[in-house]
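*Asks:* starting from these lines, generate the structure:
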Amino acid sequence: MGNGRYEVMKNENSTIYLQREKSDKTWISNAHYHDSIEFCFYIKGRVVCHINGEACDMQEGEITVIDNLNVHYFELEKNSEYIALR
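*Replies:* From the prediction side, this is the model:
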């Protein structure tokens, strides 16, 4: 996130977008933002969700709500899983 460049993810056709992320290794997503609210449901393992520079340590059974235009990215530990809905 330190380089000042972010990936813009737009939902141009106003449909509901559902994404399931399952990790068999530790990885970090690109910093990005959306033009819609995003709900993240943590299914398994530990995920650190970074929202506007603040780290939120999320575990199985927890939910985050990320407001539109908030820059965020995820750090998934090995064998972690979450579902994103926006």
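*Asks:* from now on I want contacts and neighbour counts done on CA atoms only, so please keep to that.
*Replies:* Will do.
*Asks:* list the helices and strands the host helix or strand of Tyr73 packs on?
*Replies:* Secondary structure assignment for Tyr73, by DSSP states H and E: strand 72-76. Secondary-structure packing of strand 72-76 (3 or more Cα pairs under 8 Å, 6 or more residues apart in numbering; DSSP states H and E): strand 27-28, strand 32-34, strand 46-51.
*Asks:* can you get me a residue count around Leu18?
*Replies:* Neighbour count of Leu18, defined by other Cα atoms under 10 Å: 12.
*Asks:* so what's it up against?
*Replies:* By Cα atoms under 8 Å, 6 or more residues apart in numbering, the contact list for Leu18 reads Ile83, Ala84, Leu85, Arg86.
*Asks:* what do you get if the cut-off is 10 Å, keeping everything else the same?
*Replies:* Shown in contact with Leu18 (Cα atoms under 10 Å, 6 or more residues apart in numbering): Glu38, Phe39, Cys40, Ile83, Ala84, Leu85, Arg86.
*Asks:* nearest to Glu62 among those?
*Replies:* Cys40 (8.4 Å; Cα to Cα).
*Asks:* which residue is the nearest non-sequential neighbour of that closest one?
*Replies:* Ala84 (4.4 Å; Cα to Cα, 6 or more residues apart in numbering).
*Asks:* over to Lys22?
*Replies:* Glu81 (4.4 Å).
*Asks:* and Gln19, by the same measure?
*Replies:* Spatial nearest neighbour of Gln19, chain neighbours left out: Ala84 (5.1 Å); criterion: Cα to Cα, 6+ apart.
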